[in-house]
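Asker: here is my input; please provide its structure:
(chains A and B)
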Amino acid sequence: MRPRATPYVLVGPATLLLLAFGVLPILVAGAVSLTDLDAAGLGDVSRVRGVGLANYAELFGDAAFWQAMRNTAFYVAVGVPSVVVVSLVIALLLNRSQSRFFRFLRSLYFLPAITGIVAIALVWGYLYNTQFGLVNYLLSLVGLGPVPWLSSPGLVKVSVALVAIWRGTGLNTVIFLAALQGVPKEYLEAAALDGASRLRTTWSVVLPLLRFAILFVTVTTVIAWLQFFDEAFVLTKGGPLGASTSISLFLFQQGFAGARFGYASAGSVVLFVVIAVITVLQLRGRRSDVEY
Amino acid sequence: MANSSVRRALVPAGLAAVLALAACSSGGATSPQATSGGTGSSSAAPTGPLTVWVMGDATTKFDTLVAPFTASTGIKVKTVAIPWDSVDQKMTTAVASGDGPDVVQVGLSKLRTYADTGALLTLDDATVAGHANLASSNFLDGVAGKATAVGGKVVSVPWIADTRVLFYRSDILSAAGISTPPATWDELRADAKKLAGRGAGKYGYYIPQWDSPLPVEMTWDFGGDIIGADGKVNFDTPEFRKAVDLYTGLYADKSVPTAGDFDQTQGFVSGAAPMLVSGPYLAAAIKDAAPDLAGKWSVAQLPKGTTNTSLLAGSNMAVWAKTAHKDAALALLDYLSTPATQVKWFQLNGDLPTAKAALADSALTSDPLVSVYAAQLANAKIVPLVPNWDGATGKALLDALNSIALKGTDKETALTALFAATKGQSIG
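Answerer: Take a look at the predicted model:
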């Protein structure tokens, strides 16, 4: 084997897998988005017709699509800062001690991340229930009337996002904790010798050193929220009246409940482009401070 | 939130995987003729094993039901439960891959969609010849033969029937001075308003916000239809507007709960919503949840507009077009259509039969609730077999009505959007 070929052989298998499961589906979705493929077309390919950009034209004129886009923007705007800030604060607090109790707390915060979404949906569905829910019961104890957590079009996005924030915090807390372990003790000792307060040390020493972790968590969290699906799907199915439908859920409804694969593929291509653009912008934005 | 890479793959890749499978299967050489052994040669006994997809979670009971069939024919039956929520994905994947069951239960609202895929075997007279129990004259007229044919082709046989009746709490109604259940929709609206006046958290009626057939039933009851003479969906009729006024009027009266997560069984048992239109499964749920409520509730036929036509729902059984065991599958359908089998299924799972003889069986007629169901079944229609009722026409209908009732959208604005969204849908 020629030495120059070695690296290609080493990355070959991973590249093939990436092509088969990463790139090919996107290309297929792109091709399908130019057709009118539906359930009948799946059974009999001769009934599939090319429709050019008609799916895209319809998509951009579809009020439900724009509603899903707006909902997704809301989820990203509320979810990303919440998850990043909450998990960072929790990580900083948990990092204060290595005692048994704090280690127990860590696993407690991680628990939502490893709990099945269906179980979560069941429990939260009951907590949120307008008639019998624990949340409304607690509110009634202080004299507040029942709140329609999941059935008010205005409130449902917040209720669903709350569950997702609760669920997404644990994993990111662990990432931040790992990054905090990497902060050199010398810096902290130097800051202590200089008489810096704990808050000042955190703000001026620890947080700058966490920049890469914060970027990583932000980028993955943005992508995750742009593809927001699970919580809305299991808690509300996107209702009421599409008020909690995210883009992914809209695509799922069109593709599987509506059997409009061409239309759903067009939407998935749009979502792909949106995610790609936003991710590239974030990574670009980071270049300026890489020399810190 | 789950791992983001999993999520990234979820929609586009999942969809594309289905499509890739579709591309593969189209090139496959397994035509139904090539694999269906011994059509017409009655000398060779049909063989299995058969895979049957049953909707819901009644596999154990279904196993019990078909045990005598296996015992007498030697055909093994493997029952697979398909949860109602994942029926669409399961069918789509099966159609795309060509790898389906032998026999599949199809809800009537899904029948058109699945028939359009060509995945279901056409059950014409020649195919079902020799299976006396499959003759369409044996079944309820509303679902038999042509009534559930798609594009003129029969692709399924009736299995279980379901209809909607009015459930009411006789104790609560009489306490409010209402001696008989409402016989007309006008009376129902008045009674509901009266019952809702009992206090905070009390309602008179319950409208499930996901129940797309309800406004259709109301339209039928006012003497209209949602399908025009040309076979196309048409909501722009005076009768439908009456149905809209009734539906949204119940909300305007504050007679119905607006919470989308209101639990109809608990609402009925607790008395919060003492009247609603639902199917026989609600009776089973009430008996389960509150056996001590016996005697305090009952069912009646739907209230009248000019008529009181109800929904005929339920499921049919179909044979997968690419099955390798066509004869065995037909033999199983024949067994399932036997009146005795259908009566047994009613006793096992509480589903109403579709065979007329089974409906007339004393095991059913002796039950006072069932006699109401049976009478209502005789005056019931199926939801029009338009493509994708659940995902398109029915959804647009619910969205329009709920946006008026819950968000206060202007009625004409909502209806105009509904007409536009459903234009061109046709049963042809």
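Asker: sort out which residues of the lowest-mean-pLDDT helix or strand in chain A are buried, please.
Answerer: Here the helix or strand of chain A ranked lowest by mean pLDDT, DSSP states H and E is helix A:39-43, holding a mean of 76. Of all the residues in helix A:39-43, those buried under the rule 16 or more other Cβ atoms under 10 Å in any protein chain shown are A:39-43. Quick note: C-beta positions are derived from backbone N, CA and C, even for glycine.
Asker: same check, this time on stretch B:193-200
Answerer: B:193-196, B:198.
Asker: so which residues make contact with it?
Answerer: The contact list for stretch B:193-200 (Cβ atoms under 8 Å, 6 or more residues apart in numbering or on different chains) reads B:172-173, B:176-178, B:202-205, B:253-256, B:274-275.
Asker: quick check on those: which are buried?
Answerer: B:172-173, B:176, B:178, B:202-205, B:253, B:255-256, B:274-275.
Asker: and which of those residues is nearest chain A?
Answerer: Nearest to chain A among the buried ones among the contacts of stretch B:193-200 is B:Y203, at 11.0 Å by Cβ to the nearest Cβ.
Asker: which residues touch the residue in the stretch 151-300 of chain B that chain A sits nearest to?
Answerer: The nearest approach of the stretch 151-300 of chain B to chain A comes at B:G260, 3.4 Å away (Cβ to the nearest Cβ). For B:G260, the contacting residues are A:148, A:150-151, A:236, A:239-240, B:209, by Cβ under 8 Å, 6+ apart.
Asker: mind putting those in JSON lines, pLDDT and secondary structure included?
Answerer: Compiled in JSON lines, the contacts of B:G260 are given as follows (pLDDT from 0 to 100; DSSP: H, G, I helix; E, B strand; the rest coil):
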{"residue": "A:P148", "pLDDT": "86", "secondary structure": "coil"}
{"residue": "A:L150", "pLDDT": "88", "secondary structure": "coil"}
{"residue": "A:S151", "pLDDT": "84", "secondary structure": "coil"}
{"residue": "A:T236", "pLDDT": "89", "secondary structure": "coil"}
{"residue": "A:G239", "pLDDT": "77", "secondary structure": "coil"}
{"residue": "A:P240", "pLDDT": "85", "secondary structure": "coil"}
{"residue": "B:Q209", "pLDDT": "90", "secondary structure": "coil"}
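Asker: now for the residue in the stretch 101-250 of chain A that chain B sits nearest to, how many residues are close by?
Answerer: Distances between the stretch 101-250 of chain A and chain B by Cβ to the nearest Cβ are smallest at A:S151, namely 3.4 Å. A:S151 sits with 24 neighbouring residues when counted by other Cβ atoms under 10 Å in any protein chain shown.
Asker: doesn't B:D263 make contact with it?
Answerer: No. Using Cβ atoms under 8 Å, A:S151 makes no contact with B:D263, being 12.0 Å away.
Asker: for the stretch 51-200 of chain B, what spans make up the strands?
Answerer: Applying DSSP state E, counting those that start in this stretch to the stretch 51-200 of chain B gives strands spanning B:77-82, B:103-107, B:157-163, B:165-169.
Asker: so which of these is nearest B:G424?
Answerer: B:G424 sits nearest to strand B:103-107 of all the strands of the stretch 51-200 of chain B, at 23.8 Å, using Cβ to Cβ.
Asker: is the closest one anywhere near chain A?
Answerer: No. Between strand B:103-107 and chain A, judged by Cβ under 8 Å from any Cβ of the partner chain, nothing touches; the nearest distance is 12.8 Å.
Asker: give me the neighbour count for the nearest residue to B:D390 once chain neighbours are set aside.
Answerer: Once flanking residues are discounted, B:D390 sits nearest to B:S109: 5.4 Å by Cβ to Cβ, 6 or more residues apart in numbering or on different chains. By other Cβ under 10 Å, the residues close to B:S109 number 21.
Asker: and the contacts of stretch B:193-200, which two are furthest apart?
Answerer: Of all pairs in the contacts of stretch B:193-200, the most separated under Cβ to Cβ is B:G177 and B:V256 at 20.5 Å.
Asker: show me what the next helix or strand after the least confident helix or strand of chain A is in contact with.
Answerer: Sequence-wise, the next helix or strand downstream of helix A:39-43 (DSSP states H and E) is helix A:54-60. With contact meaning Cβ under 8 Å, 6+ apart, helix A:54-60 is reached by A:33-34, A:36, A:65, A:262-263, A:265-267, A:270.
Asker: got TSV for these, with distance to chain B and secondary structure too?
Answerer: Listed next are the contacts of helix A:54-60 as TSV, based on distance: Cβ to the nearest Cβ, whole Å; DSSP: H, G, I helix; E, B strand; the rest coil:
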residue	distance to chain B	secondary structure
A:S33	10	coil
A:L34	12	coil
A:D36	13	coil
A:F65	13	helix
A:G262	10	helix
A:Y263	11	helix
A:S265	6	helix
A:A266	11	helix
A:G267	9	helix
A:V270	11	helix
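Asker: just the buried ones from those, in ChimeraX syntax?
Answerer: Selecting just the buried residues from the contacts of helix A:54-60 in ChimeraX takes one command, with 16+ other Cβ under 10 Å as the test:
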select /A:33,34,36,65,262,263,265,266,267,270
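Asker: closest one of the contacts of helix A:54-60 to B:S97?
Answerer: When those are compared against B:S97 (criterion: Cβ to Cβ), the nearest one is A:S265, at 18.1 Å.
Asker: could you report the distance from that closest one to A:L59?
Answerer: 10 Å (Cβ to Cβ, to the nearest Å).
Asker: same question, A:V217
Answerer: 31 Å.
Asker: out of these two, which sits in the busier spot?
Answerer: A:V217 (24 against 21).
Asker: mind listing what that one touches?
Answerer: Here A:V217 is in contact with A:83-84, A:87-88, A:172, A:175-176 (Cβ under 8 Å, 6+ apart).
Asker: of these, keep whichever come out buried.
Answerer: Buried among the contacts of A:V217 (16+ other Cβ under 10 Å): A:83-84, A:87-88, A:172, A:175-176.
Asker: thinking again about what came up before, tell me, which of the buried residues of helix A:39-43 make contact with chain B?
Answerer: Intersecting the buried residues of helix A:39-43 with the contacts of chain B gives A:39-43 (criterion: Cβ under 8 Å from any Cβ).
Asker: just give me the closest of the residues you listed to B:W220.
Answerer: Comparing these against B:W220 with Cβ to Cβ places A:A39 closest, at 27.7 Å.
Asker: just to revisit the earlier point, need the phi and psi values for the spatially closest residue to the residue of the stretch 101-250 of chain A closest to chain B that is not a sequence neighbour.
Answerer: Setting aside the residues directly before and after it, A:S151 is nearest to B:G260 in space (Cβ to Cβ, 6+ apart), at 3.4 Å. Main-chain dihedrals, B:G260, degrees, to the nearest 10: phi -70, psi -20.
Asker: buried residues, stretch B:205-214. List them.
Answerer: Buried positions in stretch B:205-214, judged by neighbour count with 16+ other Cβ under 10 Å: B:205-207, B:209, B:211-214.
Asker: farthest pair within the residues you listed?
Answerer: B:Y205 and B:S212 (17.4 Å).
Asker: interface residues of the stretch 51-200 of chain A facing chain B?
Answerer: Within reach of chain B by Cβ under 8 Å from any Cβ, the stretch 51-200 of chain A has these residues: A:83, A:117, A:125, A:128-132, A:146, A:148, A:150-151, A:153, A:164, A:167-168, A:171.
Asker: pLDDT below threshold where in the stretch 1-150 of chain B?
Answerer: B:1-44 (pLDDT under 70).
Asker: could you flag which of the residues of the stretch 51-200 of chain A next to chain B are buried?
Answerer: Of those, these count as buried by 16+ other Cβ under 10 Å: A:83, A:117, A:125, A:128-131, A:146, A:148, A:150-151, A:153, A:164, A:167-168, A:171.
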